[in-house]
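Participant: below is the sequence, then the predicted model.
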2 protein chains.
Amino acid sequence: MLQQIKTLCEQHNVKVTNARSSILEVLKNAGAPMNYEQIKEKMKMPMDKATFYRNIAKFESLGIVHKFESDDRKWYFELSSTTHAHFICETCHQITCMDVHLGEVAGEVKSIVLKGTCKECKA
Amino acid sequence: MLQQIKTLCEQHNVKVTNARSSILEVLKNAGAPMNYEQIKEKMKMPMDKATFYRNIAKFESLGIVHKFESDDRKWYFELSSTTHAHFICETCHQITCMDVHLGEVAGEVKSIVLKGTCKECKA
DNA sequence: TATCCTTTTGCGACTAAGTTGCATTAATTT
DNA sequence: AAATTAATGCAACTTAGTCGCAAAAGGATA
Ligand SMILES: [Mn+2]
Ligand SMILES: [Mn+2]
Ligand SMILES: [Zn+2]
Ligand SMILES: [Zn+2]
């Protein structure tokens, strides 16, 4: 298990269990947001979905993990970083992380999801 | 039935049925995006959800209606207008329509959903 | 080490928004 | 009128995520 992940849990006062480090390790190595099925596939150990979702909920509440919903009605997860947007192509379903700068907004923004057609699919 | 709605259907070559005008009439009078249950409550006639969703899907494909998902995992619908964003407060679950101006974006944007905490809940 | 207590996990049953198949009805076409 | 096509209602289905509960893990105390 990566020391980095152990530290991350300890900083947030979360016990480091196999299930938890397993989830975080996959997310650490992810190049893009992943859903439950995708994370499960990449995990070395088997894990029940109840365990997965309960731990994810904990990570979320602690601000370790961020989630949003794609157009397939599934939740996608990534390790928290600076607030950025996700562009979801309704044709090819690819998810792209991107920075946008919003103007005046009606509150504190935690998640930005744009849906539409990506440049490749448009062309 | 409103003449306006009849015209809307005819312009898109959609037969005007009771079910269809009933849905559109509710959306026409809506002050904010509404989900299936909310629309159903406001409708004069009873309507099966299969009929509702099939017609909504048709409206969407024709560009008459726009939908997005809130944090309650339900779809919210509104009559199409100029592209604008929806701010969803994760505390009070209120949905606010708003204009944002994005900078450079990776494709053609059709839907913008911001989630976070609204000013009232923040205070 | 033995006992107690709290937290985490796995399993299976459950929930609920939205979908689908199919038979019936309504509207068009010939 | 008969034939064809489109819209509707109903019930069964799908499926991402949730929940209750009992078993396991683990830490604290003695
Ligand atoms: Mn991202
Ligand atoms: Mn709106
Ligand atoms: Zn695309
Ligand atoms: Zn609020």
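Facilitator: Okay, I see it. Ligands and ions are numbered 1, 2, ... in the order given.

Participant: give me the angle between the lengthiest strand in chain A and strand B:107-118.
Facilitator: Secondary structure of chain A per DSSP state E: the longest strand is strand A:107-118. Per axes from the mean of the first three to the mean of the last three CA atoms, to 10 degrees, the angle that strand A:107-118 makes with strand B:107-118 is 160 degrees.

Participant: which other residues reach strand A:107-118?
Facilitator: Strand A:107-118 is contacted by residues A:66, A:68-69, A:71, A:83-92, A:94, A:96, A:100, A:102, B:68, B:87, B:89-90, B:102, B:105-119, B:121-122 when judged by CB atoms under 8 Å, 6 or more residues apart in numbering or on different chains. Glycine gets a C-beta too; all of them are placed from N, C-alpha and C.

Participant: out of these, which are buried?
Facilitator: Listed as buried from those are A:66, A:68-69, A:71, A:85-90, A:96, A:100, A:102, B:68, B:87, B:89-90, B:102, B:105-109, B:111-118; burial here means 16 or more other CB atoms under 10 Å in any protein chain shown.

Participant: which residues does A:Val16 contact?
Facilitator: Contacts of A:Val16 by CB under 8 Å, 6+ apart are A:1, A:5-6, A:9-10.

Participant: please apply the same query to A:Val26.
Facilitator: Contact partners of A:Val26, counting by CB under 8 Å, 6+ apart, are A:34, A:39, A:42-43.

Participant: help me confirm that it is found in a helix?
Facilitator: Yes: under DSSP: H, G, I helix; E, B strand; the rest coil, A:Val26 falls within a helix.

Participant: what sits closest to it if chain neighbours are left out?
Facilitator: In this structure, A:Val26 finds its nearest non-sequential neighbour in A:Lys42, 4.6 Å apart by CB to CB, 6 or more residues apart in numbering or on different chains.

Participant: did I read that right, A:Gln38 in a strand?
Facilitator: No: counting by three-state DSSP, A:Gln38 falls outside a strand, being helix.

Participant: who touches it in this structure?
Facilitator: Going by CB under 8 Å, 6+ apart, the list of residues near A:Gln38 is empty.

Participant: what of A:Phe52?
Facilitator: Here A:Phe52 is in contact with A:19, A:23, A:36, A:39-40 (CB under 8 Å, 6+ apart).

Participant: counting neighbours, which of those comes out on top?
Facilitator: A:Ile23 (25 neighbours; other CB atoms under 10 Å in any protein chain shown).

Participant: and it, what element?
Facilitator: Here A:Ile23 sits within helix A:18-29, counting by DSSP states H and E.

Participant: in that helix, what's buried?
Facilitator: Those would be A:19-27, for helix A:18-29 by 16+ other CB under 10 Å.

Participant: give me every residue in chain A lying close to chain B.
Facilitator: Residues of chain A lying close to chain B by CB under 8 Å from any CB of the partner chain are A:68-69, A:73, A:87, A:89-90, A:96, A:98, A:100-103, A:105-119, A:121-122.

Participant: Serialize the buried residues of helix A:18-29 to a markdown table and add fields for distance to ligand 4 and pLDDT.
Facilitator: As requested, the buried residues of helix A:18-29 are exported to a markdown table (distance: CB to the ion, whole Å; pLDDT from 0 to 100):
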| residue | distance to ligand 4 | pLDDT |
| --- | --- | --- |
| A:Ala19 | 33 | 97 |
| A:Arg20 | 31 | 97 |
| A:Ser21 | 35 | 96 |
| A:Ser22 | 35 | 97 |
| A:Ile23 | 30 | 98 |
| A:Leu24 | 30 | 98 |
| A:Glu25 | 35 | 97 |
| A:Val26 | 33 | 98 |
| A:Leu27 | 29 | 98 |
